[in-house]
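> My questions concern the predicted model and sequence given below.
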Amino acid sequence: MKVVLTEPRFLKDSVGVLSELVSDVRMKFDSDKLEIVAMDPANVAMIVLRLLSSSFVEYKVEGEEIISVNLSSLKQILGRARPSDSITLELDSEKNRLNIQLRGESVRKFNLGLIELQDAQQKIPELEFPAKINMSSVIFNEAVEDMDIISDSIGLIAEGEKLEIFAKGNTSDAKINIGKSEETSIIVEGEDKVKSKYSVEYLKKIIKGSKLCDNVSLKFGEDYPLQIEYRVTDRLQMFTILAPRVENK
């Protein structure tokens with residue numbers, strides 16, 4: 001297996017987001033993509049990365065290759081890549097390691113030892129979301145940061161062509177209203193109003209995916225998981241499924 005990437009940020013920034021939630025991952029290479037599916041230790045968030053073969057200038061994978069790596073170690077190596085460097089990943093099965101080459105004005109070579117993961121491979125759940133929003137990732141990032149001042153949870157309400165983002169603390173509260181526009185699409189199917197709450201701590205980690213693209217897709221339901229997706233056409237897809245905070249009624 002050998003793959004070469006000339007846009008380091010796609011792998012570098014993706015691994016940065018992954019490392020916020022999990023420490024070790026399986027990397028599955030097949031005929032058309034590199035895929036990582038991982039669940040955080042608390043079983044609150046699942047993160048999925050698909051880096052398509054069209055992202056690479058060279059992509060040689062026979063059949064399917066699954067390797068496991070420590071993300072902290074991989075992140076440190078990728079952190080040394082300059083924006084103009086190319087990244088080559090090559091599997092050395094005999095020595096049980098991943099050879100990583102950063103090529104630019106110089107050629108730097110790193111050997112990352114592979115690890116063994118005992119837990120079962122994660123399966124992506126099939127979910128149906130009545131509320132679907134596409135919006136600027138900058139606006140959503142600012143909303144999460146705003147709500148972090150007030151509470152450790154953030155609420156979303158989708159109704160008609162409006163999205164309300166809110167937080168309530170012991171003595172304070174905050175609210176942001178976002179309407180449908182050329183940059184924002186809001187669709188609510190089958191229900192008049194959809195409301196749910198999520199952890200700000202997790203959201204602050206997940207929204208670092210905004211480094212990858214300018215828009216974010218939000219999908220959720222009533223007291224239902226939230227799917228946050230960043231997508232670059234013909235390059236990559238990264239989404240996180242975040243469990244809701246359900247209040248006792």
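The structure has been received and is ready for your questions.

> in the longest helix along the chain, what's buried?
Longest among the helix segments of the chain by residue count, using DSSP state H, is helix 8-21. Buried residues in helix 8-21, counted by 16 or more other C-beta atoms under 10 Å: 8, 10-21. For glycine as for every other residue, the C-beta is placed from the backbone atoms N, C-alpha and C.

> Ok, stretch 103-120 next?
Neighbour-count burial for stretch 103-120 [16+ other C-beta under 10 Å]: 103, 110, 112, 114.

> mean confidence for the longest helix of the chain?
Confidence for helix 8-21, expressed as mean pLDDT, is 96.

> Same check on stretch 146-159?
Average pLDDT, stretch 146-159: 97.

> Please identify the helix or strand for the residue of the chain most remote from its centre.
Ranking residues of the chain by C-alpha distance from their mean position (C-alpha atoms, centre = their mean) puts Thr171 at the top, at 33.2 Å. Remark: Thr171 resides in no helix or strand, with elements defined by DSSP states H and E.

> what's it in contact with, if anything?
By C-beta atoms under 8 Å, 6 or more residues apart in numbering, the contact set of Thr171 is empty.

> Output the buried residues of stretch 103-120 in JSON lines; the columns should cover secondary structure, pLDDT and distance to Ala158.
Listed next are those as JSON lines, based on DSSP: H, G, I helix; E, B strand; the rest coil; pLDDT from 0 to 100; distance: C-beta to C-beta, whole Å:
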{"residue": "Arg103", "secondary structure": "strand", "pLDDT": "97", "distance to Ala158": "46"}
{"residue": "Phe110", "secondary structure": "strand", "pLDDT": "98", "distance to Ala158": "45"}
{"residue": "Leu112", "secondary structure": "strand", "pLDDT": "98", "distance to Ala158": "43"}
{"residue": "Leu114", "secondary structure": "coil", "pLDDT": "97", "distance to Ala158": "43"}
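
> if we can go back for a sec, helices or strands next to the longest helix of the chain in the packing?
If you count contacts as 3 or more C-beta pairs under 8 Å, 6 or more residues apart in numbering; DSSP states H and E, helix 8-21 packs onto strand 33-39, strand 45-52, helix 71-78, strand 86-92, helix 200-206, strand 236-242.

> separation between Lys60 and Ser53?
Per C-beta to C-beta, to the nearest Å, Lys60 is found 10 Å from Ser53.

> Give me the more crowded residue out of these two.
Using other C-beta atoms under 10 Å as the criterion, Lys60 and Ser53 rank with Ser53 on top: 17 against 12.

> My guess is that one contacts Glu35. True?
No: assessed by C-beta atoms under 8 Å, Ser53 is found out of contact with Glu35, at 11.1 Å.

> residue ranges with poor pLDDT in this protein?
Applying pLDDT under 70 to the chain flags residues 248-249.

> thinking again about what came up before, tell me the phi and psi of the residue farthest from the centre of the chain?
Reported as degrees, to the nearest 10, the phi and psi values for Thr171 are phi -130, psi -10.

> Count the residues that sit near Asp146.
By the criterion of other C-beta under 10 Å, Asp146 has 15 neighbours.

> partners of the nearest residue to Ile178 once chain neighbours are set aside in the sheet?
What sits nearest to Ile178 in space, not counting adjacent residues and going by C-beta to C-beta, 6 or more residues apart in numbering, is Leu163, at 4.5 Å. Legend: beta-bridge partners of Leu163 under DSSP bridges are Ala158, Ile178.

> Any idea how many residues pack against the nearest residue to Phe220 once chain neighbours are set aside?
Spatial nearest neighbour of Phe220, chain neighbours left out: Leu226 (4.4 Å); criterion: C-beta to C-beta, 6+ apart. Under the neighbour criterion other C-beta under 10 Å, Leu226 is assigned a count of 25.
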